[in-house]
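Undergrad: how does the following fold in three dimensions:
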Amino acid sequence: MSAHIDLTGQVAVVTGVLGKLGAIWSDALLGAGARVVGLDWTPSVPDAFAAVLERHDADRFHLLEADVTDTGSLRAALARCRAEAGLPTILVNNAGIDQPPSATGGSWLFGDIPAEVSAAVLDVNALGVLRVCQVFGAAMAEAGAGSVINIGSLYGSMAPDPRLYEHLPQDPPFLKPPAYGMSKAASAALTRYLAALWGPAGVRVNTLSPGGVLGGQDPEFRAKFSARVPLRRMAEPRDLTGPLLFLASGMSSYVTGTELLVDGGYVSW
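TA: Residues are numbered from 1 along each chain as shown. Now for the predicted structure:
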């Protein structure tokens, strides 16, 4: 897809850049010629991300330390972004907290979920997106151009199926935290709000919602999830890059305020 989309001269900001999906978005944007400014709370680059940089011109990637829960650090990062790379024209709100099943436990009965666990998820996944948009998105609107892509989730519009986790030996049984889906639904609502607010300023705002991305899940989970998907498999990185570049580029010049589900047809039945 990147061979057909040219983002040369564009400055793309990716939050939570050192996470699994951050590497996928950065690889796609760098491959299309953009300059990428990655934001993360830690400056330690994992090996998987270093491998991404080896495939591209490293001079087009800038890693800035910033925390989506701290507006002051975001304003400082915007100032550095302007100085080192230029004004952002693409914003990918990727930073987020998820809680997959773990051998170390960390699951509760619904009524026992600690408030601080839910608050932490909402602070990063919902309020974090709001803060980043207030700083970076507002600068794009002031400049009069740009594309904001909020990374959502299948679980922003559908409930997790507890049967997918029944085979896991956890007590109590693993329960996907409700705050995760709540946060992603909130992000999609913010997408619609900002699309209406910033449309006259020339800034498009959309949500890209992956569903079931491969990432070290156990074989039984993968089999059960894939059986629930019409395409009979989980998403791979190559399935996500095309939709991202479509929303980031002029190919979607008349698309705003929408949610693009990349779920293999999961919601079809």
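Undergrad: list the residues that contact residue 169.
TA: Neighbouring residues of residue 169 by CB atoms under 8 Å, 6 or more residues apart in numbering: there are none. For glycine as for every other residue, the C-beta is placed from the backbone atoms N, C-alpha and C.
Undergrad: give me phi/psi at it?
TA: Dihedral pair for residue 169: phi -80, psi 70, per degrees, to the nearest 10.
Undergrad: what about it, distance to residue 97?
TA: Residue 169 sits 24 Å away from residue 97, going by CB to CB, to the nearest Å.
Undergrad: what comes up buried for the longest helix along the chain?
TA: In the chain, taking DSSP state H as the definition, the longest helix is helix 178-198. Neighbour counts over helix 178-198 (16 or more other CB atoms under 10 Å) mark 179-188, 190-192, 194-195, 198 as buried.
Undergrad: packing partners for that helix?
TA: Secondary-structure packing of helix 178-198 (3 or more CB pairs under 8 Å, 6 or more residues apart in numbering; DSSP states H and E): helix 115-122, helix 128-132, helix 138-143, strand 146-151, strand 203-210.
Undergrad: rebuild those as JSON lines, extending it with mean pLDDT, mean neighbour count and distance to residue 234.
TA: Below are the helices and strands packed on helix 178-198 laid out as JSON lines (pLDDT from 0 to 100; neighbours: other CB atoms under 10 Å; distance: least, CB to CB, whole Å):
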{"stretch": "helix 115-122", "mean pLDDT": "95", "mean neighbour count": "14", "distance to residue 234": "23"}
{"stretch": "helix 128-132", "mean pLDDT": "98", "mean neighbour count": "25", "distance to residue 234": "25"}
{"stretch": "helix 138-143", "mean pLDDT": "98", "mean neighbour count": "18", "distance to residue 234": "33"}
{"stretch": "strand 146-151", "mean pLDDT": "98", "mean neighbour count": "26", "distance to residue 234": "17"}
{"stretch": "strand 203-210", "mean pLDDT": "98", "mean neighbour count": "25", "distance to residue 234": "10"}
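Undergrad: ok, back up a step: nearest to residue 88, of the buried residues of helix 178-198?
TA: residue 198 (13.7 Å; CB to CB).
Undergrad: tell me which helix or strand in the protein has the weakest average pLDDT.
TA: The helix or strand of the chain with the lowest confidence, counting by mean pLDDT, DSSP states H and E, is helix 47-54 at a mean of 90.
Undergrad: run through who's touching that one.
TA: With CB under 8 Å, 6+ apart, helix 47-54 has contacts from 17-18, 20, 22-23, 26-27, 30, 45, 61.
Undergrad: in that helix, what's buried?
TA: Quick answer for helix 47-54 (16+ other CB under 10 Å): 49, 52-53.
Undergrad: how about stretch 247-254?
TA: The neighbour-count check on stretch 247-254 (16+ other CB under 10 Å) flags 247-249, 252 as buried.
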